[in-house]
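1. My questions are about this predicted structure, shown below with the sequence.
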Amino acid sequence: QVQLAESGGGLVQAGGSLRLSCAASGRTFSIYTMGWFRQVPGKEREFVAANAWSTGYTGYADSVKGRFTISRDNVRNTVYLQMDSLKPEDTAVYYCAARSGPYSSSHSVYNYWGQGTQVTVSS
């Protein structure tokens with residue numbers, strides 16, 4: 001099993017920045033890809049960004065490209081999401097996810113999920 005623990009959410013004004021962290025523990029050797037998703041009430045969970053640990057391939061949703069950056073610290077088994085130029089429409093619960101497979105932007109194939117952290121962007 002893999003456990004994921006997110007931190008770093010909060011309230012920020014439009015145009016501001018936040019950095020989310022996700023620390024993985026347990027059978028971390030089984031992780032091939034880690035990603036970030038977000039969800040607002042009444043809507044489906046939405047892909048934000050993902051990074052394939054083995055190949056280094058990184059992908060972003062069009063809505064965050066150029067504003068968000070995903071990175072990882074292999075020593076700490078931690079993945080980060082740096083969010084800049086935040087907009088009110090970025091408001092959501094952000095989830096960290098991991099899978100024992102190649103890069104994917106589909107939430108349905110991720111095996112492990114964190115508890116979620118709220119990000120609120122005020123206008």
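-> That came through fine.
2. Adjacent strands (with direction) for the helix or strand residue 51 falls within?
-> Under the assignment given by DSSP states H and E, the secondary-structure element containing residue 51 is strand 46-52. Looking at strand 46-52 with DSSP bridges, its partner strands are strand 33-39 (antiparallel), strand 58-60 (antiparallel).
3. which other residues reach it?
-> For strand 46-52, contacts defined as C-beta atoms under 8 Å, 6 or more residues apart in numbering pick out 32-39, 57-61, 64, 68-72, 79, 81, 92, 94, 102-107. Where you see a C-beta, it was placed from the backbone N, CA and C, and this is true even at glycine.
4. ditto for stretch 1-15
-> Contacts for stretch 1-15 (C-beta under 8 Å, 6+ apart): 18-28, 30-31, 85-88, 94-98, 111-123.
5. Determine which stretch of the strands paired with strand 46-52 is the most buried.
-> When these are scored by mean count of other C-beta atoms under 10 Å, the highest mean neighbour count falls to strand 33-39 (a mean of 24).
6. what pLDDT does residue 28 get?
-> At residue 28 the predicted local distance difference test score is 86.
7. what residues are up against the residue nearest to it when sequence neighbours are not counted?
-> Nearest residue to residue 28, sequence neighbours excluded (C-beta to C-beta, 6 or more residues apart in numbering): residue 77, at 4.7 Å. For residue 77, the residues meeting the contact criterion (C-beta under 8 Å, 6+ apart) are 23-25, 28, 31.
8. Tally up the residues packed near residue 98, please.
-> If you count neighbours by other C-beta atoms under 10 Å, residue 98 ends up with 27.
9. Contacts only, for it.
-> Residue 98 is in contact with 2, 4, 24, 31, 33-35, 110-112, counting by C-beta under 8 Å, 6+ apart.
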